[in-house]
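>>> After the sequence you'll find the predicted model.
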Amino acid sequence: MDYENTAKDLLALVKTKKTELLFLALFLRLLKPGGRAAVIVPDGVLFGSSKAHKELRRMIVEDQKLDGVISLPSGAFKPYAGVSTAILLFTKTNSGGTDQVWFYDLQADGWSLDDKRQPLLDEDKLGVSPAKTLSDAEHAKNNLPDALARWKQRDGSERQRPRTAQSFCVSKADIAAQGYDLSINRYKEVVHEAVEHEHPLEILQKLKQLEAEIQEGMAELEGMISQ
């Protein structure tokens with residue numbers, strides 16, 4: 001957008017032409033102190049390196065109260081848009097209040113992530129409050145009930161979850177140290193399984209044995225053919 005077409009009070013919050021940042025700034029302007037919002041934004045808002053990106057994220061973390069960040073699966077808005085998105089959950093305070101930010105890596109919402117967006121489960125197992133408790137296999141296809149349950153525990157048991165889990169909390173100090181980057185991959189830890197490899201000499205010995213068996217088999221086959 002051109003500056004001439006942008007409301008001056010929004011530019012006072014963040015000087016940018018990017019509509020996704022102005023969209024977020026509009027929420028900050030419209031909310032009253034104590035008001036809460038859940039805003040869906042493109043992933044670029046979470047880690048963009050421009051001055052406007054960083055300042056807006058700093059503002060939400062330092063001046064307001066950032067409660068949580070939910071990373072949505074790519075394809076959640078297909079066929080209309082394929083861009084990766086996330087949900088920012090925050091409270092307007094004008095006086096800070098961010099302590100621990102809750103992150104959730106939502107990998108499945110109960111629907112296929114292609115252009116058809118077809119249900120992966122029966123109707124009574126879809127949505128955030130399914131009629132039946134989901135099994136582990138069903139959870140893999142619909143993370144929404146788990147996300148809601150863990151959101152309610154963000155000030156309790158979620159604080160103890162390791163960063164290798166699907167959801168965990170990150171302190172404001174850690175976020176500030178990362179330049180207010182809010183992408184979950186910045187903080188998520190991956191556990192690599194230790195793999196033991198055989199000694200090269202043992203592998204060579206097995207190859208020799210295999211080669212000998214092949215030669216023996218070929219000799220036996222040749223003898224059968226020549227009879």
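Yep, it's here.
>>> the domain parsing of the chain - what is it?
If you go by automatic domain parsing, the domain ranges for the chain are 3-186, 197-227.
>>> The last one - what's its average pLDDT?
Looking back up the chat, that one is domain 197-227. The predicted model assigns domain 197-227 a mean pLDDT of 86.
>>> Of the domains of the chain, flag the one that's most buried.
domain 3-186 (a mean of 16; mean count of other C-beta atoms under 10 Å). Quick note: C-beta positions are derived from backbone N, CA and C, even for glycine.
>>> I'd like the mean pLDDT over that one, please.
On average, domain 3-186 scores 94.
>>> How far off centre is it?
9 Å (C-alpha atoms, centre = their mean, to the nearest Å).
>>> does G68 count as helix, strand or coil?
What DSSP: H, G, I helix; E, B strand; the rest coil gives for G68 is strand.
>>> Would you confirm that it contacts R150?
No: applying C-beta atoms under 8 Å as the test, G68 and R150 come out as separate, 9.7 Å apart.
>>> For the chain, just list every one of the helices.
Applying DSSP state H to the chain gives helices spanning 8-13, 19-30, 44-47, 51-58, 136-139, 144-151, 172-177, 200-226.
>>> TSV for these, including distance to L121?
Formatted as TSV, the helices of the chain follow (distance: least, C-beta to C-beta, whole Å):
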stretch	distance to L121
helix 8-13	41
helix 19-30	32
helix 44-47	29
helix 51-58	35
helix 136-139	6
helix 144-151	11
helix 172-177	35
helix 200-226	45
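>>> Quick one, which of these gets closest to T85.
With distances scored as C-beta to C-beta, the stretch of those nearest to T85 is helix 44-47 (9.1 Å).
>>> what sits up against that closest one?
Here helix 44-47 makes contact (C-beta atoms under 8 Å, 6 or more residues apart in numbering) with 20-21, 24, 53, 56-57, 69, 86, 88, 181-183, 186.
>>> shared neighbours, G68 and R150?
Common neighbours of G68 and R150 (criterion: C-beta under 8 Å, 6+ apart): W102, Y104.
>>> Name the residues linked to F103 by a beta bridge.
F103 has the following beta-bridge partners by DSSP bridges: V69, F168.
>>> Check the offset of stretch 184-196 from the chain's centre.
14 Å.
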